[in-house]
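[1] pasted the sequence and its predicted model underneath.
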Amino acid sequence: MHSLKDLPTANPPGLTLWPPPGREDVRDALCGATLPSLRKGAKVGTGAPRRIAQLLAVRPDLEIIPIRGNVPPRLKKMETMGLDAVVLAVAGIRRLGLDEAIGELLPLDLFPPSPGQGALGIQVRQSSTKLQEILSSVGDTAVDAQVRAERALLAGLHGGCSVPVGAHAETGPEGSLSLFAQVTSLDGTRRVEGKLSGPVVEPEKLGAALAEELIGQGARSILDAIRGESAVSR
C-alpha cells in the first residue's frame, strides 16, 4: 500500500492498481495559522512544488521554507525552525489523530490537491488471483473513477509528484464525473485551470481531455520551464 499521490502514473510490469477502499479528505491544511492571519513575509514550511506555487499565487509576500519528513516532525519544525505555519495533507493529519494542529482547511478552488491525494494506492500482482478475490469486495468504484481521472490528467501533462499540478474529481448524480485541475508556475505568477465533466465510466478519457485543454492554455510551457530549471539545478 502507498499514498496514491506518490505513485507513478504507469504501473510496473506484472502489477495492477486496485480500487481504493474509500478516500480521506483530499484537502491541504495550513497548520499553525490561517492565511489571513499570517503576517507579511511570514515563514511557511513546505517542500512540495505544487504547494509552493499555490501559496505564492495567493500570498506572494510569503517566505517559503523547504521542509521534509513525516507529519509530527514537520509540525515540530514550527518550533525548531521558527516557522509561522506549515502545509500538510489533511489525510495524514487525521489518520494520526492530530486534527487539533489544523489552523485552516485550504479551499479546493485555490489549492487543488495532488492527483490521488487522500486515497490508498494498492498495487497487486496480476498473477495473484487469490489476493484479488480477497480484495474484490473492498474497492470503492466512485473513488476509483475519481483517482483514475486525476491520474490520467497527470499522465496527459507528463507530470509527476515534483510538478505543481493540482486536480480534484467528484462523482455526481446520474453517473457523472467532474474534474477540476490547475497548473501553476513555481513563483505563482502564471496559472491555468479548467473543469470538465463526463461519464463516470470513462475517467481516463475525461482526464486526457482536460489535460489537452490545459495544454492549449499554456500548461506545457509552464511545466517545461520548471523541468528546465530542475535540470539546471542538478
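    Good, I have the coordinates.
[2] which elements pack onto whichever strand or helix holds Glu170?
    Using DSSP states H and E, Glu170 sits within strand 165-171. With contacts taken as 3 or more Cβ pairs under 8 Å, 6 or more residues apart in numbering; DSSP states H and E, strand 165-171 sits against helix 49-58, helix 141-156, strand 176-184, helix 203-217. Any C-beta I mention is one placed from the backbone N, CA and C, and that applies to glycine too.
[3] pLDDT (mean, whole number) over it?
    For strand 165-171, mean pLDDT is 97.
[4] turn the helices and strands packed on strand 165-171 into CSV, columns for mean neighbour count and distance to Gln117.
    Formatted as CSV, the helices and strands packed on strand 165-171 follow (neighbours: other Cβ atoms under 10 Å; distance: least, Cβ to Cβ, whole Å):
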stretch, mean neighbour count, distance to Gln117
helix 49-58, 22, 10
helix 141-156, 24, 9
strand 176-184, 24, 13
helix 203-217, 20, 15
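[5] give me the nearest residue to Gly92, chain neighbours excluded.
    Leaving aside its chain neighbours, Gly92 sits nearest to Val71 (4.9 Å; criterion: Cβ to Cβ, 6 or more residues apart in numbering).
[6] give me the below-cutoff pLDDT ranges for the protein.
    160-161, 229-234 (pLDDT under 70).
[7] now do the helices in it.
    Ranges of helices in the chain, per DSSP state H, are 49-58, 71-80, 90-95, 129-135, 141-156, 203-217, 219-233.
[8] how much space between the residue of the chain most remote from its centre and Ile122?
    Here the centre of the chain is the reference, and by Cα atoms, centre = their mean the most remote residue is Lys130, at 31.9 Å. From Lys130 across to Ile122, the span is 15 Å (Cβ to Cβ, to the nearest Å).
[9] ok so, going back, out of the helices of the chain, which comes closest to Ser162?
    helix 49-58 (6.0 Å; Cβ to Cβ).
[10] gap between stretch 6-21 and the chain center?
    16 Å (Cα atoms, centre = their mean, to the nearest Å).
[11] what residues of it count as buried?
    For stretch 6-21, a neighbour-count test (16 or more other Cβ atoms under 10 Å) marks Leu7, Thr9, Leu17, Trp18, Pro19, Pro20 as buried.
[12] and this structure, what are its domains?
    2-24+115-233, 28-105 (automatic domain parsing).
[13] find the nearest non-adjacent residue to the residue sitting nearest the centre point of the chain, please.
    Closest to where the C-alpha atoms of the chain average out (Cα atoms, centre = their mean) is Ser114, at 0.9 Å. Distances taken as Cβ to Cβ, 6+ apart place Lys5 nearest to Ser114, at 4.0 Å, with adjacent residues excluded.
[14] before we move on, what about Leu106?
    Nearest one to Leu106, counting by Cβ to Cβ, 6+ apart, is Asp28 at 4.7 Å.
[15] that neighbour: what's it in contact with?
    Applying Cβ atoms under 8 Å, 6 or more residues apart in numbering to Asp28 gives the contacts Arg51, Val87, Leu88, Ala89, Val90, Leu105, Leu106, Phe111, Pro113.
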